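Novice: mind folding the following:
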Amino acid sequence: MTALSGKRILLVIGGGIAAYKSLDLIRRLRERGASVRCVLTHGAQQFITPLAASALTGQRSHTDLFDREDEADIGHIRLARDADLVVVAPATANLMAKMAGGHADDLASTMLLATTLPILIAPAMNVRMWLHPATGRNLKTLRADGVHVVGPNDGAMAEAEFGPGRMAEPLEIAAAAERLLVRTGPLAGKHVIVTSGPTHEPIDPVRYIANRSSGKQGHAIAKAAAEAGARVTLISGPVMLPDPSGVTTVHVESAREMLQAVEKALPADIGIFAAAVADWRVANAGEQKIKKKDGALPNLSLTENPDILATISHRTENRPPLMVGFAAETEHVIEHARQKLARKGCDLIVANDVSSAGGVMGGDSNTVHLVTASGVETWPTLAKSDVAARLVERLGTLMGDAKP
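Specialist: The predicted structure follows:
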């Protein structure tokens with residue numbers, strides 16, 4: 001028996017050249033024990049046939065919103081309910097736009113609008129289409145609506161171009177479906193909130209105060225927590241990183257927005273506060289760009305930002321049982337981390353040296369110290385992905401030790 005045994009998956013096949021991979025995806029899902037039914041858009045039928053999909057699923061494929069037989073019992077509603085997961089692969093630019101806009105002009109889009117099931121999309125399109133601002137806006141909307149995303153990958157395109165937009169491979173999509181439907185691992189059944197990246201505090205519409213955070217460590221932790229079986233909410237400041245697959249990502253700009261997003265995401269079992277939140281913001285941020293005036297310096301009055309870690313740690317209700325803070329220091333790393341642990345009221349501090357000599361800010365490796373009330377544990381220099389995996393493993397152990 002496999003993780004997907006007995007699970008019912010509705011596969012929506014969009015109209016792109018990557019539709020041919022969907023036939024292999026059917027095979028990968030079925031060999032894992034899932035039953036699969038297919039909905040093919042009109043565009044998908046230009047690349048593969050309903051007969052091919054039916055031959056592989058062993059079930060009739062659906063193509064027409066106004067099919068007499070299906071719609072006698074409101075077939076699109078039945079399709080929208082009679083499954084455990086909806087997978088859209090390939091999710092073309094057009095299909096993503098329909099989903100984001102709530103359009104319902106064919107069977108696939110109508111069913112997607114009517115469903116309350118979890119949805120996993122595998123985007124696939126030309127690199128220029130993927131990088132177009134409209135696709136970015138649609139993707140942001142879909143993520144905010146709770147749609148899960150796997151891929152796309154970088155690779156060769158049918159148009160002899162290369163770049164992001166290539167549909168994730170069938171094995172990747174099947175693995176993402178498994179993570180959504182059958183969460184296994186040391187954090188299975190847990191909800192983990194992770195904050196990541198910097199915050200941008202506006203001075204005026206074109207300038208801001210920020211920290212030098214790339215978000216690499218926080219994003220790696222979110223990914224590792226998802227792979228450990230957790231349901232993960234990643235609250236990210238402005239970064240140049242793709243959203244991790246299998247994770248619900250909320251994008252914010254300022255510290256106040258980040259705190260609001262964290263409070264909205266509660267309750268949670270673990271809170272991991274890896275974001276480099278700006279300590280201050282401008283109290284009198286300009287509504288227009290501040291202009292230089294004969295060399296006179298602008299008068300910027302600073303005010304303190306909310307302390308997200310301390311605010312959540314000191315809550316009397318909905319405080320995550322395990323609170324993890326980060327201490328980015330340039331000197332006296334362990335001493336400052338111990339002080340922060342006591343001051344913030346959290347359970348664990350991950351401290352590191354972010355002085356320029358270490359190359360941690362923006363780099364791919366990290367050297368961390370785990371500081372608790374009982375002591376300090378120093379890890380060797382590791383890739384940030386390895387730091388994330390090791391931290392998540394430790395948190396799983398701590399959660400297990402906390403069980404009655």
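Novice: what is the mean pLDDT for the longest helix along the chain?
Specialist: Using DSSP state H, we find that the single longest helix of the chain is helix 384-401. Helix 384-401 shows a mean pLDDT of 88.
Novice: cool, and stretch 115-128?
Specialist: For stretch 115-128, mean pLDDT is 88.
Novice: measure it end to end?
Specialist: Using Cα to Cα, to the nearest Å, the end-to-end distance of stretch 115-128 comes to 30 Å.
Novice: quick one: buried residues of the longest helix of the chain?
Specialist: 384-389, 391-392, 394-396, 398-399 (16 or more other Cβ atoms under 10 Å). Where you see a C-beta, it was placed from the backbone N, CA and C, and this is true even at glycine.
Novice: so which elements touch it?
Specialist: Counting contacts by 3 or more Cβ pairs under 8 Å, 6 or more residues apart in numbering; DSSP states H and E, helix 384-401 packs against helix 216-227, strand 270-273, strand 322-329, strand 365-366, strand 368-372.
Novice: cutoff 7 Å now
Specialist: Counting contacts by 3 or more Cβ pairs under 7 Å, 6 or more residues apart in numbering; DSSP states H and E, helix 384-401 is packed against helix 216-227, strand 322-329, strand 365-366.
Novice: okay, those, which one's buried deepest?
Specialist: Comparing those by mean neighbour count (mean count of other Cβ atoms under 10 Å), helix 216-227 ranks first with a mean of 27.
Novice: the helix or strand that it is followed by versus helix 216-227: what angle between them?
Specialist: Downstream of helix 216-227, the next assigned helix or strand under DSSP states H and E is strand 231-236. Between the axes of strand 231-236 and helix 216-227, defined by axes from the mean of the first three to the mean of the last three Cα atoms, to 10 degrees, the angle is 170 degrees.
Novice: relative to strand 231-236, what are the paired strands and their orientations?
Specialist: If you go by DSSP bridges, strand 231-236 pairs up with strand 191-196 (parallel), strand 248-251 (parallel).
Novice: all strands of the stretch 151-300 of the chain, in order?
Specialist: Using DSSP state E, counting those that start in this stretch, the strands found in the stretch 151-300 of the chain span residues 153-156, 162-166, 191-196, 201-204, 207-209, 231-236, 248-251, 270-273, 280-282.
Novice: now these as JSON lines including mean neighbour count?
Specialist: Formatted as JSON lines, the strands of the stretch 151-300 of the chain follow (neighbours: other Cβ atoms under 10 Å):
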{"stretch": "strand 153-156", "mean neighbour count": "13"}
{"stretch": "strand 162-166", "mean neighbour count": "19"}
{"stretch": "strand 191-196", "mean neighbour count": "29"}
{"stretch": "strand 201-204", "mean neighbour count": "18"}
{"stretch": "strand 207-209", "mean neighbour count": "18"}
{"stretch": "strand 231-236", "mean neighbour count": "25"}
{"stretch": "strand 248-251", "mean neighbour count": "20"}
{"stretch": "strand 270-273", "mean neighbour count": "26"}
{"stretch": "strand 280-282", "mean neighbour count": "18"}
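Novice: how about CSV for the ones you listed, with mean pLDDT and distance to Ala100 added?
Specialist: Formatted as CSV, the strands of the stretch 151-300 of the chain follow (pLDDT from 0 to 100; distance: least, Cβ to Cβ, whole Å):
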stretch, mean pLDDT, distance to Ala100
strand 153-156, 81, 22
strand 162-166, 85, 17
strand 191-196, 96, 24
strand 201-204, 90, 27
strand 207-209, 88, 28
strand 231-236, 92, 19
strand 248-251, 90, 15
strand 270-273, 95, 29
strand 280-282, 91, 32
